[in-house]
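Student: test case, fold it:
(one chain, ligands or ions: 1)
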Amino acid sequence: MLRLTSVAAGYRGDPVVRDVSVDVPAGGWLAIIGPNGAGKSTLLKAVAGLVHATGTIEVADRATHELSARERARLIGYSPQTPTLPEGMSVTDYVLLGRTPHLGTLARESRTDLEVVAGVLARLDLRGLAGRALTTLSGGERQRAVLARVLAQQAGLLLLDEPTTGLDIGHAQALLELVDRLRTEDGTTVVSTLHDLTFAAQYADRLLLLAEGGVVASGKPAEVLTPELLAKHYDADVEVLETSGGEIVIAPVRRRPAELDG
Ligand SMILES: Nc1ncnc2c1ncn2[C@@H]1O[C@H](COP(=O)(O)OP(=O)(O)OP(=O)(O)O)[C@@H](O)[C@H]1O
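Tutor: This is a model prediction of the structure:
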């Protein structure tokens, strides 16, 4: 569904990510991980067509630079890390914007559009906030509204930049479960950046670890999330644990002065 070949991307001619090649099959979930400033958001923006890139980016076997704006919007849904939200717009109207690529020539929303929006609002626990102005929402509520908009778009490829930022643990799990259901039921392909490595381990089927703009590891979560790689690239002290159900947990380890001394 998504194929990157030797992709470099950056700002004003300066590449901040280099030589990225990766394949994500339909229904796959790739999490891009890495320390601050590694180039994760830039890579996602390159796929969304928002920053200049070289190399080849193909979605559903079509080079993205050949897609019209409407084709791109039908194929690719992108939710940014820090979106600009229109002043005064209600949650429902904002989420309806996600349906724009599907509207006919009269640009009137159909019953289907309204049903899709209602369904997404319900699944993201936003029904009670549907009539509220976006700007009056809390940080986590806004984040859910932004995700609701991109989910209402029903694109085959979802690009989610730090989707769980600002969400409490329950809402974060509900969101990731919802995305996972789209993946298994509709074959939606997901590429997300994720700082929470436990969520990355539990939800993505492949990880791409970026450091200083380059790919330093890629593979299944258990192959990439090793204490050695995390120490090397994040300068982090962690243990990789397992839940009773066999799910990976990345736990930070605090070394007390006494332990460090001896
Ligand atoms: N609009 C921009 N103009 C110039 N440089 C930028 C721009 N946006 C990001 N950068 C730089 O590109 C590099 C990669 O940034 P990017 O946002 O892709 O990192 P990231 O891995 O997503 O980081 P974080 O985990 O902190 O969100 C950083 O050095 C950043 O300062």
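Student: from here on, contacts and neighbour counts on C-alpha atoms
Tutor: Fine.
Student: quick check: residue 45 is in a helix.
Tutor: Yes. Membership of residue 45 in a helix is supported by DSSP: H, G, I helix; E, B strand; the rest coil.
Student: list the contacts of it.
Tutor: Neighbouring residues of residue 45 by CA atoms under 8 Å, 6 or more residues apart in numbering: residue 51.
Student: what strand or helix carries the residue at minimal distance from the centre of the chain?
Tutor: Nearest to the mean C-alpha position of the chain, by CA atoms, centre = their mean, lies residue 160 at 2.0 Å. The secondary structure element spanning residue 160 is strand 157-161 (assigned by DSSP states H and E).
Student: check which element follows that strand along the chain.
Tutor: As the chain continues past strand 157-161, the following element, by DSSP H and E, is helix 169-186.
Student: show me which residues of that next one are buried.
Tutor: Using 16 or more other CA atoms under 10 Å as the burial criterion, the residues of helix 169-186 that qualify are 171-172, 174-176, 179-180, 182-183.
Student: is the ligand within reach of the strand holding residue 160?
Tutor: No. Legend: contact between strand 157-161 and the ligand by CA under 6 Å from any ligand atom is lacking; minimum distance shown is 8.1 Å.
Student: which other helices and strands contact that strand?
Tutor: Under the contact criterion of 3 or more CA pairs under 8 Å, 6 or more residues apart in numbering; DSSP states H and E, the helices and strands touching strand 157-161 comprise helix 40-48, strand 76-79, strand 189-193.
Student: report the mean per-residue pLDDT for the first one.
Tutor: Per-residue confidence for helix 40-48 averages out to 97 on the pLDDT scale.
Student: now swap in stretch 235-248 and tell me
Tutor: The predicted confidence, averaged over stretch 235-248, sits at 96.
Student: and stretch 152-171, by the same measure?
Tutor: 93.
Student: so who does the residue nearest to the centre of the chain touch?
Tutor: Contacts were defined as CA under 8 Å, 6+ apart; by that measure residue 160 touches 78-80, 190-193.
Student: ok, it to residue 124 distance?
Tutor: Using CA to CA, to the nearest Å, one gets 15 Å for the distance from residue 160 to residue 124.
Student: same question for residue 60.
Tutor: Applying CA to CA to residue 60 and residue 124 gives a distance of 28 Å.
Student: can you check residue 24 too?
Tutor: Residue 24 sits 26 Å away from residue 124, taking CA to CA as the criterion.
Student: was I right to think residue 74 contacts residue 155?
Tutor: Yes. With the criterion set as CA atoms under 8 Å, residue 74 and residue 155 qualify as a contacting pair; they are 5.3 Å apart.
Student: can you pull out the low-pLDDT segments for this protein?
Tutor: When the per-residue scores of the chain are filtered using pLDDT under 70, the ranges that remain are 105-106, 259-262.
Student: spell out which parts of it neighbour the ligand.
Tutor: Close to the ligand, as judged by CA under 6 Å from any ligand atom, the chain has residues 11, 16, 35-42.
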